[in-house]
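Trainee: Only the shape, not the letters, is given here:
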């Protein structure tokens with residue numbers, strides 16, 4: 001890789017960041033560090049970046065991904081968290097998770113081809129092309 005990019009730092013703005021941090025820590029179980037005064041920074045699994053056409057600049061979206069959307073929803077139900085119905089967006093099976101601060105977090109099971117992990121060789125583009133995905137547009141939850 002020609003640049004020194006070592007990761008990504010995503011931010012979710014919240015009206016009740018403390019409650020949302022507790023939710024991500026206790027319900028989603030993401031690993032974290034406390035950088036002082038209860039300010040938690042969470043570790044995330046490998047990430048992707050997609051650039052979509054838009055009429056405006058500076059719009060950003062954030063989704064978590066899972067291998068099995070129904071198993072994910074069932075795990076949250078066991079923790080008394082109800083998610084939205086699953087929608088097939090073409091590129092993935094999407095649900096919304098309500099956050100205590102009033103926001104929603106999109107979680108989806110991808111149907112699109114995933115890029116290689118850093119350091120892995122990229123397979124040829126023909127074998128990486130998704131043959132069954134028919135995108136229906138980009139959904140924004142702002």
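Mentor: Cool, got the structure. What you see is a predicted model; the values in this text were computed from it and never measured. Numbering: from 1, shown residues only.

Trainee: can you confirm residue 108 is in a helix?
Mentor: No. Under DSSP: H, G, I helix; E, B strand; the rest coil, residue 108 falls outside any helix and is assigned strand.

Trainee: Can you report how many residues neighbour it?
Mentor: With neighbours defined by other CB atoms under 10 Å, the count for residue 108 comes to 22. Quick note: C-beta positions are derived from backbone N, CA and C, even for glycine.

Trainee: Hmm, residue 63 and it touching each other?
Mentor: Yes. With contact defined as CB atoms under 8 Å, residue 108 counts as touching residue 63 (5.6 Å).

Trainee: what residues do the two have in common as contacts?
Mentor: residue 94 (CB atoms under 8 Å, 6 or more residues apart in numbering).

Trainee: those helices in this structure, which residues are they?
Mentor: Listed in chain order, the helices of the chain (DSSP state H) span 17-26, 69-78, 125-128.

Trainee: ok, and what's touching the second one?
Mentor: Helix 69-78 has contacts (CB under 8 Å, 6+ apart) with 27, 66, 82-83, 86, 93-95, 97, 107-109.

Trainee: Need the mean per-residue confidence for it.
Mentor: For helix 69-78, the mean per-residue pLDDT is 97.

Trainee: For it, list every residue counted as buried.
Mentor: For helix 69-78, burial by neighbour count (16 or more other CB atoms under 10 Å) applies to 69, 72-73, 76.

Trainee: Between which two of those is the distance greatest?
Mentor: Put simply, by CB to CB the two of these set farthest apart are 69 and 76, 10.8 Å from each other.

Trainee: Report how many residues lie close to residue 63.
Mentor: With other CB under 10 Å as criterion, residue 63 counts 16.

Trainee: Kind regards, and thank you for your time.
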